[in-house]
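Visitor: next input, structure requested:
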Amino acid sequence: MNTSPLVRGYEVVIGFETHAQLSTASKIFSGAPTAFGAPPNTQACAVDLALPGTLPVLNRGAVERAIRFGLAVGARIAPQSIFARKHYFYPDLPKNYQISQYEIPVVQGGSVSFLHDGQERSVRLVRAHLEEDAGKSLHEGFHGLTGIDLNRAGTPLLEIVTEPDLRSSAEAVEYAKALHALVVWLALCDGNMQEGSFRCDANVSVRKPGAPLGTRREIKNLNSFRNLGQAIDYEVQWQIDRLEDGLAIEQATVLFDPASGQTRAMRSKEEAHDYRYFPDPDLPPLMIAPEWVERERAALPELPRAMAGRLQRDDGLPPYDAAMMTQGRAFAAYYEAARDAARVAGVPAKTVANWMMGEVSKRLNAQALAIEACPVSAAALAALLARVHDGTISNHAARQVFDALWAGEGRDVDALIDARGLRQMSDAGALEAIVDEVLAKNAKSVAEFRAGKDKAFNALVGQVMKATQGKANPAQASELLRRRLG
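Guide: Sure thing, here's the model as predicted:
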């Protein structure tokens, strides 16, 4: 468990419940499709609606994904787990109960690690259990009415529940990002928060240091990391204000309004006994043999933490860089392809990582693109960095070539360099003559440098770069200047 600075003298305590929609083509207990965006009520079959005479049949693919998740987080996979009926009444819940797991979930324990302020943190997991999603209530476009779309009813979910180990909104966001990256890395979930594939519920409470846990309020269905951080920050201040005014916190489920930046109570929070759980009589116990677990273990890809450790060990990357390179499988694959191609030219892996965290990520973020849609291929990036490494072009010129590659003006790095006249001066004699001319024309800067003013040297380097239209190698120009200045 981690501690963080207090907020107005109070300790913040946060636990998470995350619903990850599993990437199966069909629903958890029926053969109905799970594709997003279908016309309302076209993907809800008789089983999803629990019509008389229908029986649920468990989707094997959903179980496989749950097992993989459990193995990835170091959890125990229950050899036998059961499904239960969770009773509550809401218009978009067609059966008036949800099939879920309660007493014996399929995944038990485990932990998720993440980087926060450069330090590795870990959050303990209580469980991860399989369940079906409910439908969706539609309020827009129905004046004075509510529409019900049952397409999501029966969609397979893995609900991932943490211990209350988080102590700030910043930690909460980093945990959520790490969990999101993991389920996408494992191809368990597409991670699309806007479409509801990855939904976070944050249980937030505050207490004085050393006091028992405070009363929690659950912020439901946070669909972006930005909203997650803002919602927790507002809720913490709201709870502290209430306690400072001598008022009690009542357990409740609340919603976050991004427009106002505030949370508002939706309903009083239920306890487990309110749902009247009991084993679903239509579903037999889920039996998972050791051989099944081992097959799923063998199918696991290299995990992000393991890969980050390898990049630190083999590529010499700092922990932060290694974490950034393993933020997603596609991003990691791009890095390794660029690194391998650049290594042939002697380019350090750290240089590749710097460009991916810098120019590449900056452009991707600005245009909301995934790395798979990057206009600059890993091979082109490696070729560009090779030309910087061998002194053909400067870093400044490299950014111009990168601009051209990104804009689709060409794919051949050398051709783009020549077309723009960006090759650095390779004639040492010509550069020496320019350095001598700069020194002759800038006697004041020469005198200031010899008087101990280092800024004057930078000014002289700038004059050399100006005289060569940026084509001089800055390191070579600096060396020649220092030699001439004694």
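Visitor: in contact with the spatially most central residue of the chain, which residues?
Guide: With distances taken as Cα atoms, centre = their mean, residue 177 lies nearest the centre of the chain, 3.7 Å away. Residue 177 makes contact with 114, 225 under the criterion Cβ atoms under 8 Å, 6 or more residues apart in numbering. C-betas here are computed from N, CA, C, even on glycine.
Visitor: helices along the stretch 151-300 of the chain, start to end?
Guide: Along the stretch 151-300 of the chain, counting by DSSP state H, counting those that start in this stretch, helices occupy 169-185, 225-244, 290-299.
Visitor: tell me the most buried of those helices?
Guide: helix 169-185 (a mean of 22; mean count of other Cβ atoms under 10 Å).
Visitor: ok and that one relative to helix 225-244, angle-wise?
Guide: Relative orientation of helix 169-185 versus helix 225-244 (axes from the mean of the first three to the mean of the last three Cα atoms, to 10 degrees): 150 degrees.
Visitor: alpha carbons only: can I get helix 169-185 in PDB?
Guide: Only the C-alpha atoms of helix 169-185 are listed here, as PDB (Å, rounded to 0.1, in the frame of the first residue of the first chain):
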ATOM      1  CA  SER A 169      -6.200  11.000  -8.300                       C
ATOM      2  CA  ALA A 170      -2.900  11.000 -10.100                       C
ATOM      3  CA  GLU A 171      -2.200   7.400  -8.800                       C
ATOM      4  CA  ALA A 172      -5.700   6.400  -9.800                       C
ATOM      5  CA  VAL A 173      -5.200   7.700 -13.400                       C
ATOM      6  CA  GLU A 174      -1.800   5.900 -13.700                       C
ATOM      7  CA  TYR A 175      -3.400   2.600 -12.400                       C
ATOM      8  CA  ALA A 176      -6.300   2.900 -14.900                       C
ATOM      9  CA  LYS A 177      -3.900   3.600 -17.800                       C
ATOM     10  CA  ALA A 178      -1.800   0.600 -16.800                       C
ATOM     11  CA  LEU A 179      -4.800  -1.700 -16.500                       C
ATOM     12  CA  HIS A 180      -6.100  -0.400 -19.800                       C
ATOM     13  CA  ALA A 181      -2.800  -1.000 -21.500                       C
ATOM     14  CA  LEU A 182      -2.600  -4.500 -20.100                       C
ATOM     15  CA  VAL A 183      -6.100  -5.700 -21.300                       C
ATOM     16  CA  VAL A 184      -5.400  -4.200 -24.700                       C
ATOM     17  CA  TRP A 185      -1.900  -5.800 -24.800                       C
END
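Visitor: list the buried residues for the longest strand that the chain contains?
Guide: What stands out as the longest strand in the chain, according to DSSP state E, is strand 119-132. Neighbour-count burial for strand 119-132, counted by 16 or more other Cβ atoms under 10 Å, picks out 121, 123, 125, 126, 127, 128, 129, 130, 131, 132.
Visitor: residue contacts, residue 220?
Guide: 201, 253, 254, 255, 266.
Visitor: what of residue 207?
Guide: 10, 11, 13, 213, 214.
Visitor: touching, the first one and residue 206? I think so.
Guide: Spelled out, that is residue 10. Yes - with contact defined as Cβ atoms under 8 Å, residue 10 reaches residue 206; the gap is 4.3 Å.
Visitor: apart from its chain neighbours, what residue comes closest to residue 401?
Guide: Distances taken as Cβ to Cβ, 6 or more residues apart in numbering put residue 416 closest to residue 401, at 5.1 Å, once the chain neighbours are dropped.
Visitor: element containing the one you found?
Guide: Assessed by DSSP states H and E, residue 416 sits inside helix 413-419.
Visitor: now residue 114
Guide: strand 111-116.
Visitor: try residue 30
Guide: Secondary structure (DSSP H and E) places residue 30 outside all helices and strands.
Visitor: and the gap between it and residue 286?
Guide: 17 Å (Cβ to Cβ, to the nearest Å).
Visitor: all helices of the stretch 1-150 of the chain, in order?
Guide: 60-72.
Visitor: mind checking the pLDDT average for the longest strand of the chain?
Guide: The pLDDT scores in strand 119-132 average 96.
Visitor: kindly report the same for stretch 328-341.
Guide: The average pLDDT for stretch 328-341 rounds to 97.
Visitor: residues contacting that stretch, please?
Guide: Residues contacting stretch 328-341 (Cβ under 8 Å, 6+ apart): 181, 184-185, 301, 304, 307, 315, 325-326, 349, 352-353, 356, 370-372, 374, 378-379, 381-383, 385.
Visitor: quick one: buried ones out of these?
Guide: 181, 184-185, 304, 307, 315, 325-326, 349, 352-353, 356, 371, 374, 378, 381-383, 385.
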